[in-house]
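# quick check, what structure comes out for this input:
(3 chains)
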Amino acid sequence: MNNPLIEIKDLHVQFRVFEGILKVLDGVNLTLKFGEKVGLVGETSCGKSTIGKAITRLLYIPPAIITRGEILFEGKDILRMSQVEFRQIRKKISIIFQDPTAALNPFFTIGTQVQDVIRFAERSGKNTGKEDIRAHAIQALKEVLIPDPERALKSYPIQLSGGMRQRVCIAMALVRMNKLVIADEPVTSLDVTIQDQILRLLKELVEKYNTSIILISHNLAIVRELTNRVYIMYAGSIVEVAKTKDFFAHPLHPYSQGLLSVIPKLTGGGIGEGIYGSVPKYINPPKGCRFHPRCKQVMPICKEKKAPLFKVSEDHEVACFLFKNGV
Amino acid sequence: MKNNNINFEKLSSQTNRLARYWYKYSRNPLSVLGLIAIFIIVFMAISAPYLSPYPESAGPYVNIVEANQPPSFVHFFGTDLLGRDIFTRTIFGLRLSLLMGIVVLSLSAPLGVFAGLVAGYFRGRWISVLIMRIVDVFLAVPVLILALAVCSILPPDVFNAMIAVSIAWWAVYARLIYGVASSIKGEFYIQAAEVIGASTGHILFKEILINCLSPIFTKMSVDMAFVILIGSSLSFVGLGAQPPTPDLGSMVADGARFLPNHWWMAIFPACAIVIIVLALSLMGDGLRDMLGSEEV
Amino acid sequence: MLNNNILTVDQLKKYFIVNQGVLKAVDGVTFSVKNGEIFSIVGESGSGKSTVAYMIIGTYKPTTGKIIYREKYDISQGISKRPHKLKKEIQIVFQAPGTSLNPARNIKQILEVPIKIHNFSKTQSELNERVLELLEMVELSADYMYKYPSMLGGGEKQRVAIARALSVNPSFVLLDEPTSSLDVSVQAKIINMLIQFKKIFNLTYIFITHDLSLVRNIASRVAIMYLGKICEIAPVSEFFNNPLHPYTQILLSSIPVISHEEEALKPKRIMSMGEIPSPINLPPGCSFYSRCPKRMDICGIKDPEMLEIERGHVVRCNLYSK
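Modelled structure (predicted):
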């Protein structure tokens, strides 16, 4: 299918706090097609988690305010839907959170939690017997390579290690055979060897079930492993969109280039100097391009106007006036 | 020039902090109500001799002619069996209750907090075990019973009542601070202080205690209410302030005999107790919201 | 006389008694740190790397084993028994984020503490001066003096922690995952700052991390720890060209990288099996036995010894013991 699964159009989100209004998301546009694996990359507080929460309507409105924009899921605007309607859509979307310990209820066994998810799923039509649900749960745990799933069903989250818990969360996310998975820093809190295993597992399962995935992370290397397209965010706006391969071969936006230069590389060569300055405060963001105070190639227009996404080639767009006329 | 800038930063940062605290406190209108009520009560208590219409009623005064008068414009809360103005006596009684609360907390809280700090920081060592066992003994007896026991040994007197309640009360603070201090002990900044070479005194008072202040103050405001209640209970049974000193508890006791005919003699002092206890509790709730402590 | 080894750690062990049995957090660790180098300790969770650091700075007392500073001072007895003048010498910067700054004190009060304790200034205005100098050193403006830690970002808090550690003029600084959860650009600033300070103040660092890419770029020697024991120690260049221990090889092959050149450098994809076992009541033999793709029967029985394969490159593995 060529119609996009998710389309975010001109999303503006603000937060009301003690000091005033934080203007976080400043016109975000994002598309995701069926079966696509997209990465949303940015540093802390750039707004990437906010987008994830906006899609699943997990933002607390107040203090969050959506001032403009729409999010279309299969063509329908989910921001303005009623709760009842959205509940049907919710069944098609699942989230994998950063901290598996916090995502699992410590008072219930793994079995109870996984089976609960199955029971509330969309396809629970024919297989609703207790035995069927239990079999389904065991199958789900086997797929995420949990040894001895029978025993795992009876265990409590606290008895499992971090890697195991995250596998359970992945099982819960994929067991419903839904259309979209939003993974918010799914492997950041895990050890590096476990991280590797979980990433590979996620990739396999997503491809097997042809689910679309939005991978939110601040780790560019992880995004490179798992996605085929990547969005780079800075201070609430998308600054670059490209196919993953293209991006790492030719990063165009000054921020992207700066970011890639400071990642320590296995080939050695020291660590880059870093990007001058620091992330702007949302209470009073810079006028025009939000990156301009830190940009080495700043031009007068950058201080006045915010650059839209300019198309540089097929599937590669940059929000920078340097590329106003192509490369 | 540089110094001026720094002072400005200091001032604006502190003002900002206060503003933030007030913002959190005022989210709940009831807490603000409690705060206003406390201000009024404290103001009345301080200016009692000047504010009350019949200050002599607070002392040895008898006026049989005016006795047993119901509430009127002359005597707002009526008079008691000896002709003393109940409104005046209530204000003075509030004063005494507040004083009791302040004295008891000033004695018991520092002692309890100090014991708790030492026990918490040296957790696992013999000194901590010793302190907490003593605390356990004191906590095993209900506060009122312990206070009664102490009061019955000493001559009945308002000061002795205060001492009695203090003896019963310190252990509660010790237990609270023991918990907070032992959990703070494991934090990195305490280890950092040790590695830098800070003395134990510095760590106890300047690093750990500072982080205990929010549960302490919250607890103290709620405790005032309890202490006042216990003080009133003690004087209700005759073990606190002696006549003719006006005390809310003994006023209720004296007036209870005359219910329901001369209802004003008991009801007004009782209401005063309720109001001050309620106001303190509401203020305590607000403090808890403001300082963000969940342990109390 | 130039002290060659600023720190020597000999058969260091730290055992904890827990409900289920004995937790061998650190189980016989031996290494030395040369004056002026950056020695890196790498390990995953449960490896014991932080416990080693805490024993060096004195928060934990070793169960057995010795820690020798500058080849003459025995500092194995914990911080309370350490002479006051030695306390200045060894400092630590804790993990980020974390509560290494007292949340109820502002930055000025936090930075004043070490200055006051070691009597570096006599009057209040000297104190203020010194605090401002420290802030300038870590590139924080003067208006940070009256801010509270909750108002600072992760990178800024770490800068204050570094300023505090350096305020007492130490010679030896332990850095326990100082940039682990910080953004890459913030990390770059902090690392560059640390390297600069090392040059200016003649410091020696132990850099604890789980990020091998970082190690590649800043450390001179690296030690890999697994479940309380050291698997391999080597100079950094040697290490990345020729990793010997199977665990090391697995670690290297799991690192996510961002370029093809780096991919080529990694050992071929060796799938790591299974989970990291619990450090409580470990079975006999090599601690890596349960997950080792190259395990032999003897590995389940005999715990291998540290062997020097090449100059400065030691490994603890039955594969290399002849």
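
# contacts and neighbour counts: CA atoms only from here.
OK.

# what is the mean pLDDT for stretch A:140-158?
In this model, stretch A:140-158 carries a mean pLDDT of 86.

# and it, is it in reach of chain C?
No: on the criterion CA under 8 Å from any CA of the partner chain, stretch A:140-158 is out of touch with chain C, staying 9.0 Å away.

# quick one: distance of that stretch to the chain centre.
In terms of CA atoms, centre = their mean, to the nearest Å, the centre of stretch A:140-158 is found 26 Å from the chain centre.

# run through who's touching it.
Residues from elsewhere that reach stretch A:140-158 (CA atoms under 8 Å, 6 or more residues apart in numbering or on different chains): A:101, A:104-112, A:138, A:164-165, A:167-168, A:170-172, A:175, A:201.

# residue numbers of the stretch 101-250 of chain C in contact with chain B?
The stretch 101-250 of chain C has residues C:101-104, C:113-114, C:117, C:142-143, C:146-147, C:165, C:168 near chain B, with proximity defined as CA under 8 Å from any CA.

# which one of these has the most neighbours?
Neighbour tally across those (other CA atoms under 10 Å in any protein chain shown): the maximum, 27 neighbours, falls on C:Leu101.

# C-alpha coordinates for the helix or strand bottoming out on mean pLDDT in chain C, CSV please?
The weakest-scoring helix or strand in chain C, judged by mean pLDDT, DSSP states H and E, is helix C:260-265 (a mean of 80). What follows is helix C:260-265, C-alpha atoms only, in CSV (Å, rounded to 0.1, in the frame of the first residue of the first chain):
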residue,chain,number,x,y,z
HIS,C,260,31.6,1.1,7.3
GLU,C,261,35.2,1.6,8.3
GLU,C,262,34.3,0.8,11.9
GLU,C,263,32.2,-2.2,10.9
ALA,C,264,35.3,-3.6,9.2
LEU,C,265,37.2,-3.2,12.4
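
# report pLDDT for the residue of chain A found nearest chain B.
Taking CA to the nearest CA, chain B has its nearest neighbour within chain A at A:Phe18, 7.5 Å off. Per-residue pLDDT puts A:Phe18 at 77.

# list the contacts for it?
Counting by CA under 8 Å, 6+ apart, A:Phe18 has contacts B:20, B:23.

# mind redoing it with 10 Å?
When contacts are counted by CA atoms under 10 Å, 6 or more residues apart in numbering or on different chains, A:Phe18 is found next to B:19-20, B:23-24.

# same list (these) but as CSV, adding neighbour count, distance to chain A and secondary structure.
Output for the contacts of A:Phe18, formatted as CSV (neighbours: other CA atoms under 10 Å in any protein chain shown; distance: CA to the nearest CA, whole Å; DSSP: H, G, I helix; E, B strand; the rest coil):
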residue, neighbour count, distance to chain A, secondary structure
B:Ala19, 13, 10, helix
B:Arg20, 14, 8, helix
B:Tyr23, 13, 8, helix
B:Lys24, 18, 9, helix
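
# what helices or strands is the longest helix belonging to chain B leaning on?
Secondary structure assigned by DSSP state H gives helix B:86-121 as the longest helix of chain B. Helices and strands touching helix B:86-121, by 3 or more CA pairs under 10 Å, 6 or more residues apart in numbering or on different chains; DSSP states H and E, are helix B:29-46, helix B:48-51, helix B:126-140, helix B:158-185, helix B:200-202, helix B:209-236, helix B:248-256, helix B:264-291.

# which one, of the ones you listed, ends up nearest to A:His253?
Nearest of the helices and strands packed on helix B:86-121 to A:His253, taken as CA to CA: helix B:264-291 at 44.5 Å.

# what mean pLDDT does that closest one have?
86.

# and that helix, what's buried?
B:264-270, B:272-273, B:275-291 (16 or more other CA atoms under 10 Å in any protein chain shown).

# which residues in the stretch 51-200 of chain A form strands?
For the stretch 51-200 of chain A, the strands defined by DSSP state E, counting those that start in this stretch cover A:64-73, A:76-77, A:93-96, A:180-184.
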